[in-house]
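[1] Structure of the sequence below:
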Amino acid sequence: MGDFRFGVWRQALLGSLGLLSACGGQATSVNDSPASGNTASGNVGGTDAGSGTDAGGAGGTGSGTTSTNGATVTGQAATNGATTGGGGHPTPNVDHRVEPAVCDPFTPSPDSAIPPKYLGEGGAAGASEFLTLDFQCEFDSDCTDGNNGDCYFYSETYDQTYEGTRCSYGCQVDADCAIGNVCECSGGNNRCVDANCTTDADCDVDRLCLRTEYFDGCSTNTYYACQTSRDECAGNDDCDGTPNQYGEASECGFDVAEGHHACMPINCQIGRPFLIQGAERRAETLRRSDWRSEMPLDPGDISQAERQELAARWEKIASMEHASIAAFARFALQLLSVGAPADLLERTHAAMADETRHARIAYGIASRYAGHDLGPAQLSMDGALAESDLLSLVLNAVVEGCIGETVAAAEATWGSEHAEAPVVREVFATIATDEARHAELAFAFVHWAVLRDPRLAPVVLTTVEQALASLEPTEPNPADAWLARHGLLPDGRRPELRRAALEEMILPCLRAICAVERAA
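    Numbering: from 1, shown residues only. Prediction:
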């Protein structure tokens with residue numbers, strides 16, 4: 001498929017695995033891959049294909065002394081051009097938490113959330129084959145899984161109408177939130193946000209419990225964290241003039257992976273199916289706000305039908321990304337069970353963090369189009385760990401990773417090239433880089449597994465060849481052409497992209513892996 005340059009990526013991957021000679025040619029450094037922006041031997045998107053990448057996408061490491069906006073910083077972050085040294089207080093205009101929040105109390109409603117038409121004798125009046133009903137609660141008092149439970153009625157229309165009631169939960173004080181979160185008041189939509197401190201008193205002397213709001217190009221990440229001696233910043237003004245990898249401005253955020261505040265690059269990351277006994281498993285979608293990232297996306301002047309279609313497609317993307325978290329979590333346990341190298345485990349944990357971020361972004365976009373909050377329900381884990389032998393793990397890695405993630409990277413690349421909205425283009429561009437890195441992890445695991453047991457080689461190749469043979473051509477539906485403006489590949493073009501990925505990337509790389517190991 002001409003929209004994705006598999007040849008460049010293939011050379012980079014084989015070079016990182018030490019297998020470039022198996023296919024001939026030499027790795028090159030180029031700047032023509034839409035998925036990665038800048039690809040070199042063993043690198044896709046500027047990340048190390050051999051050792052993985054950090055989970056948070058941090059924009060650099062801190063140091064004891066940093067020059068920021070002309071300020072000299074010694075052991076403490078400078079703020080808005082001020083000079084601080086020896087652990088002194090930063091200027092007072094930074095956002096920090098002096099005392100715990102106490103939000104306005106939530107008052108449960110005594111009224112039923114179910115419309116009267118559904119409460120009459122016989123109930124479910126007006127239900128038909130085009131209407132699905134699901135009442136999970138009736139009164140706020142029925143919502144007991146968390147604090148400040150609110151039972152609400154919803155009505156959604158996609159291919160048919162879905163109506164019912166569900167619970168949502170908020171907070172009033174920090175104790176209403178889970179460990180590692182604090183309650184932040186925001187009108188009637190109080191929320192729990194990530195934190196490693198509750199107030200300034202939790203931090204060392206002359207250090208503050210900073211609140212940062214870092215926009216990564218797709219979503220806003222709020223975090224309360226104590227200042228450290230390695231901090232690069234205390235606010236966004238400290239990051240002015242510090243470009244990210246794309247030459248764009250950075251923002252100050254808390255780098256969870258590194259444990260300090262840093263000028264973080266404005267680039268976010270989109271999957272890997274969660275297969276159990278060969279069947280894909282995903283969570284249902286319900287109304288909840290704690291899985292939704294805030295997205296600066298204006299739906300624009302589109303029809304209600306188009307909004308519903310876009311909401312449904314992004315909801316599907318979100319549920320797939322959410323399931324990918326489970327796929328990587330299971331993969332981490334499986335790697336331990338077969339004695340895989342630590343490098344593969346580190347890259348797996350980084351990928352799991354990526355997929356969590358992807359899911360939140362996708363639920364955020366779906367919510368913007370739908371006009372209300374969307375998030376995942378419970379995801380069943382029944383039977384998830386039933387397959388633990390090396391053969392099963394390799395076959396899952398081929399299908400979920402080598403095929404699934406490669407196709408996802410190609411599709412996200414296509415989206416980044418066609419979407420009209422800048423925020424959607426950026427989402428897809430960075431997602432493409434992430435999924436390419438996840439695919440490389442799958443190839444690396446198969447390489448390790450086949451080296452350990454060469455008898456796996458023919459099974460690996462047969463699996464991919466069968467996937468290629470099972471593809472059937474489809475004709476694009478002209479009525480779906482409008483989706484391209486929103487970066488979404490029309491369904492009729494998916495087999496074409498999948499075939500290109502299998503023929504130009506997946507099969508050649510796995511043949512190189514298996515051929516070298518068979519010869520050995």
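[2] where do the helices sit along the stretch 251-400 of the chain?
    304-337, 342-370, 390-396 (DSSP state H, counting those that start in this stretch).
[3] Buried deepest among the ones you listed, which one?
    helix 342-370 (a mean of 23; mean count of other Cβ atoms under 10 Å). The way it works is simple: take the backbone N, C-alpha and C, and place the C-beta from them, glycine included.
[4] That helix to helix 304-337, inter-axis angle?
    Between helix 342-370 and helix 304-337, the angle comes out at 160 degrees (axes from the mean of the first three to the mean of the last three Cα atoms, to 10 degrees).
[5] pLDDT (mean, whole number) over helix 342-370?
    For helix 342-370, mean pLDDT is 91.
[6] rewinding a little: now for the helices of the stretch 251-400 of the chain, which one comes closest to G253?
    Closest approach to G253 among the helices of the stretch 251-400 of the chain (Cβ to Cβ): helix 342-370, 12.5 Å.
[7] all helices for the stretch 51-200 of the chain, in order.
    Under DSSP H, counting those that start in this stretch, the stretch 51-200 of the chain gives no helices.
[8] show me where it has strands.
    65-68, 71-74, 84-85, 131-135, 150-157, 161-168, 181-184, 191-195 (DSSP state E, counting those that start in this stretch).
[9] What number of residues are in the vicinity of A408?
    27 (other Cβ atoms under 10 Å).
[10] Give the other helices and strands that the host helix or strand of T212 contacts.
    For T212, the host element (DSSP states H and E) is strand 209-215. Counting contacts by 3 or more Cβ pairs under 8 Å, 6 or more residues apart in numbering; DSSP states H and E, strand 209-215 is packed against strand 220-226, strand 251-255, strand 260-264.
[11] Mean pLDDT added to those, as JSON lines?
    JSON lines is the format used below for these (pLDDT from 0 to 100):
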{"stretch": "strand 220-226", "mean pLDDT": "83"}
{"stretch": "strand 251-255", "mean pLDDT": "83"}
{"stretch": "strand 260-264", "mean pLDDT": "85"}
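[12] Relative to I513, which of the ones you listed is closest?
    So among the helices and strands packed on strand 209-215, strand 251-255 is nearest, using Cβ to Cβ, at 34.5 Å.
[13] Considering the strands of the stretch 51-200 of the chain, which stretch scores lowest in mean pLDDT?
    strand 71-74 - the lowest mean pLDDT of the strands of the stretch 51-200 of the chain, at a mean of 28.
[14] what sits against the closest residue to H349 other than its chain neighbours?
    Leaving aside its chain neighbours, H349 sits nearest to A332 (6.3 Å; criterion: Cβ to Cβ, 6 or more residues apart in numbering). A332 makes contacts with 345, 348-349, 352, as judged by Cβ atoms under 8 Å, 6 or more residues apart in numbering.
[15] mind redoing it with 7 Å?
    345, 348-349 (Cβ atoms under 7 Å, 6 or more residues apart in numbering).
[16] what's the spacing between it and C514?
    25 Å (Cβ to Cβ, to the nearest Å).
[17] Check E465 too.
    12 Å.
[18] on that earlier part again, could the helices and strands packed on strand 209-215 be laid out in JSON lines, adding distance to L275 and mean neighbour count?
    What follows is those, written out as JSON lines (distance: least, Cβ to Cβ, whole Å; neighbours: other Cβ atoms under 10 Å):
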{"stretch": "strand 220-226", "distance to L275": "30", "mean neighbour count": "20"}
{"stretch": "strand 251-255", "distance to L275": "33", "mean neighbour count": "27"}
{"stretch": "strand 260-264", "distance to L275": "34", "mean neighbour count": "27"}
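[19] mind checking which of these is nearest L17?
    Of all the helices and strands packed on strand 209-215, strand 251-255 comes closest under Cβ to Cβ, at 29.5 Å.
[20] what's the angle from the closest one to strand 220-226?
    Going by the same axes, to 10 degrees, strand 251-255 makes 60 degrees with strand 220-226.
[21] now strand 251-255: how far from the chain's centre is it?
    Distance of strand 251-255 from its chain centroid, counting by Cα atoms, centre = their mean, to the nearest Å, is 18 Å.
[22] do the same with stretch 106-115
    For stretch 106-115, the distance to the chain centre is 35 Å (Cα atoms, centre = their mean).
[23] Now do the domain split for the chain, please.
    When the chain is parsed with automatic domain parsing, its domains come out as 6-57+270-295+303-519, 65-97+197-264, 116-168.
[24] Compute the number of surrounding residues for A234.
    A234, neighbours per other Cβ under 10 Å, totals 28.
[25] thought it was touching V94?
    Yes: under the criterion of Cβ atoms under 7 Å, A234 makes contact with V94 at 4.8 Å.
[26] circling back: neighbour count: E465 and C514, which is higher?
    Set side by side, E465 and C514 show more neighbours around C514, with 22 against 14, by other Cβ under 10 Å.
[27] thought that one was touching V460?
    Yes: using Cβ under 7 Å, C514 is in contact with V460, at 5.9 Å.
[28] ok so, going back, just tell me which of the helices of the stretch 251-400 of the chain ends up closest to L17.
    So among those, helix 342-370 is nearest, using Cβ to Cβ, at 12.5 Å.
[29] chain center to that closest one, what's the gap?
    Between the centre of helix 342-370 and the centre of its host chain there is 2 Å, according to Cα atoms, centre = their mean.
[30] for stretch 435-455, same thing?
    Distance, centroid of stretch 435-455 to centroid of chain: 22 Å (Cα atoms, centre = their mean).
[31] again, but for stretch 422-435
    Distance, centroid of stretch 422-435 to centroid of chain: 11 Å (Cα atoms, centre = their mean).
[32] For that stretch, which residues meet the burial criterion?
    423-435 (16 or more other Cβ atoms under 10 Å).
[33] what about M381, how many neighbours?
    M381, neighbours per other Cβ under 10 Å, totals 13.
[34] follow-up on the earlier one: how close does the residue nearest to H349 get to E346?
    Using Cβ to Cβ, A332 is found at 10 Å from E346.
[35] cool, N477 as well?
    43 Å.
[36] re the thing from before, nearest to D176, out of the contacts of A332: which one, please.
    Closest to D176 out of the contacts of A332 is H349 (29.2 Å), distances taken as Cβ to Cβ.
[37] gap between that closest one and H358?
    Using Cβ to Cβ, H349 is found at 15 Å from H358.
[38] again, but for A318
    8 Å.
[39] What of E387?
    For E387 relative to H358 (Cβ to Cβ), the value is 25 Å.
[40] Secondary structure class of L483, three-state.
    Using DSSP: H, G, I helix; E, B strand; the rest coil, the structure places L483 in helix.
[41] Quickly note the distance from it to R313.
    Taking Cβ to Cβ, one finds L483 at 8 Å from R313.
[42] Also V205?
    Distance check for V205 against R313: by Cβ to Cβ, it reads 52 Å.
[43] Residue nearest the middle of this protein, spatially speaking?
    Residue closest to the mean C-alpha point of the chain, counted by Cα atoms, centre = their mean, is H358 at 1.7 Å.
[44] Do you know the pLDDT at the nearest residue to that residue once chain neighbours are set aside?
    Spatial nearest neighbour of H358, excluding adjacent residues (Cβ to Cβ, 6+ apart): E321 at 4.1 Å. Looking at E321, its pLDDT reads 89.
[45] so Y169 touches G146, yeah?
    Yes: counting by Cβ under 7 Å, G146 is a contact partner of Y169 at 3.5 Å.
[46] Give me the more crowded residue out of the two.
    Per other Cβ under 10 Å, whichever of Y169 and G146 has more neighbours is Y169, with 20 against 16.
[47] any idea how far the more buried one lies from C192?
    9 Å.
[48] Name the SS class of R230, please.
    Per three-state DSSP, R230 ends up coil.
[49] What is the burial count for it?
    So R230, with other Cβ under 10 Å, has 18 neighbours.
[50] backbone phi and psi for the closest residue to R499 other than its chain neighbours, please?
    Closest residue to R499 apart from its sequence neighbours, by Cβ to Cβ, 6+ apart: L471 at 5.4 Å. Dihedral pair for L471: phi -70, psi 140, per degrees, to the nearest 10.
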